[in-house]
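1. build me a model from this:
(one chain, ligands or ions: 4)
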Amino acid sequence: MNVDLHCHTNVSDGALTPAELIELADERSIDMLSITDHDTLAAYQELGQGSDRLRIVPGIEFSSQWRKSGVHIVGLNLNLNSDEILLGVAQQSKARSERGEKISEKLQRLGFDNCLEGAKGYTSGGEVGRPHFAQHLVAIGAVTNIAQAFKKYLGAGKAGDIKEQWADLDTVIGWIRAAGGVAVLAHPVKYKMTRTKLVSLLDDFTAAGGEGLEVISGLQIPSVTRDLAALCRKHHLLASCGSDFHSSGQPWASLGMVAQLPDNLTPVWSRWV
Ligand code: AMP
Ligand code: ZN
Ligand code: FE
Ligand code: FE
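-> Ligands and ions are numbered 1, 2, ... in the order given. Sure thing, here's the model as predicted:
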């Protein structure tokens, strides 16, 4: 079974419309797909129920803050009509708007004018994210590419890395559970935490009601998969997998190009199939 439970559309920082994403999922013979846009469910307003072949699992990727780190929590198999999740999305949307203004102010102080307006030009009318600021910084020649924009201005510890306004773990996991969903800690390797810190995060995550771990995120080397599988088992978590697809031309995050989960893990979809 080809399962991809983490990807983005242009309602957040992906390149494809929801309909184009579904078309690509069909081309790639995906059986089960979750669109997990950053802090928004807007893609689902444009979609039907999928097809006989493709099962669509309603999902989201919430931004959160744990201690001083930004972390991402994927919520899967959500009831899209839940009041709690809609409230959560509204709160995060407000937080994202305010954060956009703060990022813009920070960049202003570094000599770059009107960055919020510039960044908005790269959205499809949805919420602004750091990738949109990165595109703007490339366009005005402040940096030569997106990676450099994150390295110099937007990535962890840089001026534009503002995360204080995101809801905390308990709150985010609460919204997901209230909507009947499963909370999954996304791409644990991306946080570049020490092992001790990652274990503390998992302890707090499970204590807050988190139930899943993304054991596979995009292309990853087998030793990382083995390591995350061991963590997943140790913390009695359900295993999830996804590409974190945003656009073509990123072979490390290609839609549906997701390795099989190792045996002896309980797949997160055991909850709904
Ligand atoms: P935001 O939701 O606004 O905090 O933006 C987070 C998104 O920025 C991630 O989901 C990635 O798509 C992108 N991103 C984060 N770090 C980098 C990086 N170093 N290079 C390129 N894109 C990045
Ligand atoms: Zn993203
Ligand atoms: Fe993420
Ligand atoms: Fe993502």
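
2. which ones are touching the residue in the stretch 1-150 of the chain positioned nearest to ligand 1?
-> Closest approach between the stretch 1-150 of the chain and ligand 1, counting by C-beta to the nearest ligand atom: Gly129, at 3.0 Å. Placement of C-beta: from N, CA and C, glycine included. Going by C-beta atoms under 8 Å, 6 or more residues apart in numbering, Gly129 touches 12-13, 38, 96.

3. how close does the residue nearest to Pro251 when sequence neighbours are not counted sit to ligand 3?
-> Excluding the flanking residues, the one nearest Pro251 by C-beta to C-beta, 6 or more residues apart in numbering is Leu219, at 6.9 Å. Counting by C-beta to the ion, to the nearest Å, the gap between Leu219 and ligand 3 amounts to 15 Å.

4. now the residue of the stretch 151-273 of the chain found nearest ligand 4, nearest residue through space, not along the chain?
-> Relative to ligand 4, the nearest point of the stretch 151-273 of the chain is Asp244 (4.5 Å; C-beta to the ion). Spatial nearest neighbour of Asp244, excluding adjacent residues (C-beta to C-beta, 6+ apart): Ala253 at 4.7 Å.

5. cool, and Gly75?
-> Ile176 (3.6 Å).

6. how is the one you found assigned, secondary-structure-wise?
-> Classification of Ile176 by DSSP: H, G, I helix; E, B strand; the rest coil places it in helix.

7. how much space between it and Thr196?
-> Ile176 sits 26 Å away from Thr196, going by C-beta to C-beta, to the nearest Å.

8. neighbour count winner among the two?
-> When Ile176 and Thr196 are compared for neighbours, Ile176 comes out ahead with 29 against 8, by other C-beta atoms under 10 Å.

9. if we can go back for a sec, Gln220 is in contact with the residue of the stretch 151-273 of the chain closest to ligand 4, correct?
-> No - contact criterion C-beta atoms under 8 Å: Asp244 and Gln220 do not qualify, at 10.6 Å.

10. give me the more crowded residue out of those two.
-> With neighbours defined as other C-beta under 10 Å, Asp244 and Gln220 compare such that Asp244 has more, 25 against 17.

11. what does the stretch 101-250 of the chain put close to ligand 3?
-> Ala186 (C-beta under 5 Å from the ion).

12. rerun at 6 Å
-> Within the stretch 101-250 of the chain, the residues that sit near ligand 3 (C-beta under 6 Å from the ion) are 186-187.

13. quick check: which element contains the residue of the chain most remote from its centre?
-> The outermost residue of the chain, judged against the average C-alpha position, is Gly111 (30.2 Å), by C-alpha atoms, centre = their mean. Using DSSP states H and E, Gly111 maps to neither a helix nor a strand.

14. before we move on, back to that, show me whatever sits in contact with both of Asp244 and Gln220.
-> Shared contacts of Asp244 and Gln220, counting by C-beta under 8 Å, 6+ apart, come down to nothing at all.

15. just say helix, strand or coil for the residue of the stretch 1-150 of the chain found nearest ligand 4.
-> Going by C-beta to the ion, ligand 4 is nearest to Glu61 of the stretch 1-150 of the chain, at 4.9 Å. Three-state assignment for Glu61 (three-state DSSP): strand.

16. for the nearest residue to it once chain neighbours are set aside, which residues are in contact?
-> Using C-beta to C-beta, 6+ apart and skipping residues adjacent in sequence, the residue nearest Glu61 is Thr36, 4.2 Å away. With contacts defined as C-beta under 8 Å, 6+ apart, Thr36 is in contact with 5-8, 59-61, 74-76, 242.
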